[in-house]
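Student: Pasted the sequence and its predicted model underneath.
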Amino acid sequence: MKVIRRSEDRGHADHGWLDSYHSFSFAEYFDEQHVEFGPLRVLNEDRVAAGQGFGTHSHRDMEILSYVLEGELSHQDSIGTGSTIRPGDVQRMSAGSGVRHSEFNASRTHGVHFLQIWIQPNVTGIPPSYEEKHFDPAEKRGRLRLIASPDGALGSVRVQQDVRVYSGMFDAGETASLVLVQGRRAYVHVARGSVHVNDVELNTGDALKLTHEPVVEIGRGNKSEILVFDLPG
């Protein structure tokens, strides 16, 4: 089964310093048809103005990924991590038993554009931890590059859930496929550009939910960058 989630149907909040689109229910936006998809709980497309950001706040028992599309995002947390990530970087924070952190635009002149992703873990109360990895665009060109997994396979960041996240960049003539084990499902999000997934045309901000499908087929891209979530059923 294929269910399309169009960009314009997402939740939207414009706070001036933050312009955010919510693929799933978040903060004041609630849609009972789009609360979560398996353990994928949040997928926000955020644009933060120069010199602005999210002040120190708390999380617990959540796997939080940040994926930068443009600009720089600075991170500080209560376990002693301080870092700035840029396009190609993936940041993973396991909130575990509790962590306080802040995320700020590292530039005083340019905005930052990134995806904020929350995955519900399969264990709770673990010590909080932080990890980041860089994935060169060449690794994602015309293919799906594993960027997050439960075992850190192929140099991916490690998440506390039976979830695998892939990133890919596709132009005309480039194709890729991902076989789904029976009983699993997939969520495909287009970060930019356009692409066809299982014969469905998707554009920037669109997503496709796949259940009871044996494979994810990607092709006919046009300057596209996508994320594919391989999720338990």
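Tutor: It's in. Numbering: from 1, shown residues only.
Student: all contacts plus neighbour counts: C-alpha atoms, from now on.
Tutor: OK.
Student: quick one: buried residues of the helix or strand where residue 132 lies?
Tutor: Using DSSP states H and E, residue 132 maps to strand 129-134. For strand 129-134, a neighbour-count test (16 or more other C-alpha atoms under 10 Å) marks 129-130, 132-134 as buried.
Student: Could you dump those residues into JSON lines and include pLDDT?
Tutor: Formatted as JSON lines, the buried residues of strand 129-134 follow (pLDDT from 0 to 100):
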{"residue": "129", "pLDDT": "98"}
{"residue": "130", "pLDDT": "98"}
{"residue": "132", "pLDDT": "98"}
{"residue": "133", "pLDDT": "98"}
{"residue": "134", "pLDDT": "98"}
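Student: can you list the domains in this structure?
Tutor: Using automatic domain parsing, the domains assigned to the chain come out as 10-135, 138-232.
Student: just those: most buried one?
Tutor: domain 138-232 (a mean of 20; mean count of other C-alpha atoms under 10 Å).
Student: Check the offset of that domain from the chain's centre.
Tutor: Domain 138-232 has its average C-alpha position 11 Å from the chain's average C-alpha position, going by C-alpha atoms, centre = their mean, to the nearest Å.
Student: tell me how far the ends of that domain are from each other?
Tutor: One end of domain 138-232 sits 29 Å from the other (C-alpha to C-alpha, to the nearest Å).
Student: need the contact list for residue 168.
Tutor: By C-alpha atoms under 8 Å, 6 or more residues apart in numbering, the residues touching residue 168 are 140-145, 225-227.
Student: Are we agreed that it is in a strand?
Tutor: Yes. Judged by DSSP: H, G, I helix; E, B strand; the rest coil, residue 168 forms part of a strand.
Student: For residue 50, see how far away it is.
Tutor: Counting by C-alpha to C-alpha, the gap from residue 168 to residue 50 is 28 Å.
Student: ok, the strand ranked longest in the chain: who's next to it in the sheet?
Tutor: In the chain, ranked by residue count with DSSP state E as the criterion, the top strand is strand 215-232. As defined by DSSP bridges, the strand partners of strand 215-232 come to strand 164-170 (antiparallel), strand 176-179 (antiparallel), strand 184-197 (antiparallel).
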